[in-house]
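*Asks:* no sequence on this one, just coordinates:
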Ligand SMILES: NC(=O)C1=CN([C@@H]2O[C@H](COP(=O)(O)OP(=O)(O)OC[C@H]3O[C@@H](n4cnc5c(N)ncnc54)[C@H](OP(=O)(O)O)[C@@H]3O)[C@@H](O)[C@H]2O)C=CC1
Ligand SMILES: CC1=C(/C=C/C(C)=C/C=C/C(C)=C/C=O)C(C)(C)CCC1
């Protein structure tokens, strides 16, 4: 149970990746400012989290089952929280979907929206009325750079995050009137099971319905570039957890929070030309005309950011 003075933080999707790391980071806060309710849809997957939490488990971190796709599960989970009192709600659970749209069924697309969009809406609808009554609270949403800028072959995932951005941008104004903050976290690529699950799915798929040229552009042009980008720019779940901690500890938290400055110019393109031509043409050229050049650029970028080059040139040893 939370001590008085401790903030109650409820996080969705803590079985792996970013959610797990946020839960552990907050539960291990030096000043013990948080009581973390780490949730996951299948508690059989709790071992990794429990191990990473160490001593904090059972003290500043407790577990509850929660499937964001089920109205009943969401209600039951929040009813199990003492006085339904949640100070900070962190909407992290999400799923990816990659590939040519011709080969993705409408049912699969709906599942992505059910988790990434309606899952968050369901959580906010359940928690917000209590926050409004108390005139306090902070809602955090794990969006993505793909909530700000479309990326080829990520059409449906991108659309689900754009939907979230529109919903939250609208909600933020009303919530401010009730002294409730709303913050979006916008990571670029992060090394988690999200990446591995998507690559496994891609390897299994045969892309029925997509023509040979499209499948070739996806497999031989997009995927290698995407792997390059993950290698050169990929952050760790710990980077994201640290960024989120700063956001919730800020006295005036920002609405949008990019976590990776290397990605900022990519997102900024659409604001430099409101017709959209600059971003569409730049991404086309990057992918189809400068693919090999991008590979070299990404390799140099990776080398610079890992600082091995700097060490080799500056260090006397
Ligand atoms: N990795 C990346 O490159 C980026 C990720 N993001 C976003 O970060 C968030 C976390 O992803 P990440 O940690 O990378 O990926 P992971 O796949 O490692 O984690 C996703 C988590 O969401 C959970 N989840 C999925 N569906 C549901 C559901 N219906 N109810 C409750 N939990 C569910 C998963 O649980 P289970 O184990 O049961 O499947 C898992 O715990 C997502 O919203 C993602 O869109 C944003 C930008 C970049
Ligand atoms: C291929 C390619 C790109 C790929 C970007 C990727 C792969 C981003 C991944 C982001 C993730 C995984 C977000 C999760 O929410 C760019 C940079 C747009 C430039 C054009 C070519």
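*Replies:* Perfect, I can see it now. Keep in mind that this is a model prediction, so the values were computed, not measured. Ligands and ions are numbered 1, 2, ... in the order given.
*Asks:* going forward, measure contacts between C-alpha atoms and count neighbours the same way
*Replies:* Noted.
*Asks:* Return the residues in contact with residue 136.
*Replies:* Residue 136 makes contacts with 87, 178-180, as judged by Cα atoms under 8 Å, 6 or more residues apart in numbering.
*Asks:* Among those residues, which pair sits farthest apart?
*Replies:* 87 and 178 (13.5 Å; Cα to Cα).
*Asks:* Compare those two and say which one has the larger neighbour count.
*Replies:* residue 87 (22 against 16; other Cα atoms under 10 Å).
*Asks:* Show the backbone phi and psi for that one.
*Replies:* Taking degrees, to the nearest 10, you get phi -80, psi -40 for the backbone angles of residue 87.
*Asks:* Could I get the full set of helices for the stretch 101-250 of the chain?
*Replies:* Applying DSSP state H, counting those that start in this stretch to the stretch 101-250 of the chain gives helices spanning 106-113, 119-134, 155-177, 193-204, 212-216, 223-233, 237-249.
*Asks:* Residues in contact with the fourth one: which ones?
*Replies:* This points to helix 193-204. Outside helix 193-204, the residues within contact range by Cα under 8 Å, 6+ apart are 16-17, 95-99.
*Asks:* Of these, keep whichever come out buried.
*Replies:* 16-17, 95-99 (16 or more other Cα atoms under 10 Å).
*Asks:* now, which of those sits nearest ligand 1?
*Replies:* For the buried ones among the contacts of helix 193-204, the residue nearest ligand 1 by Cα to the nearest ligand atom is residue 17; the value is 3.5 Å.
*Asks:* wait, what's in contact with that closest one?
*Replies:* Neighbouring residues of residue 17 by Cα under 8 Å, 6+ apart: 191-194, 237.
*Asks:* for the spatially most central residue of the chain, which residues make a bridge with it?
*Replies:* The centroid of the chain falls nearest to residue 142 when counting by Cα atoms, centre = their mean (4.0 Å). Beta-bridge partners for residue 142, by DSSP bridges, are residue 185.
*Asks:* Residue 89 falls within a helix, correct?
*Replies:* No - counting by DSSP: H, G, I helix; E, B strand; the rest coil, residue 89 is located in no helix; its state is strand.
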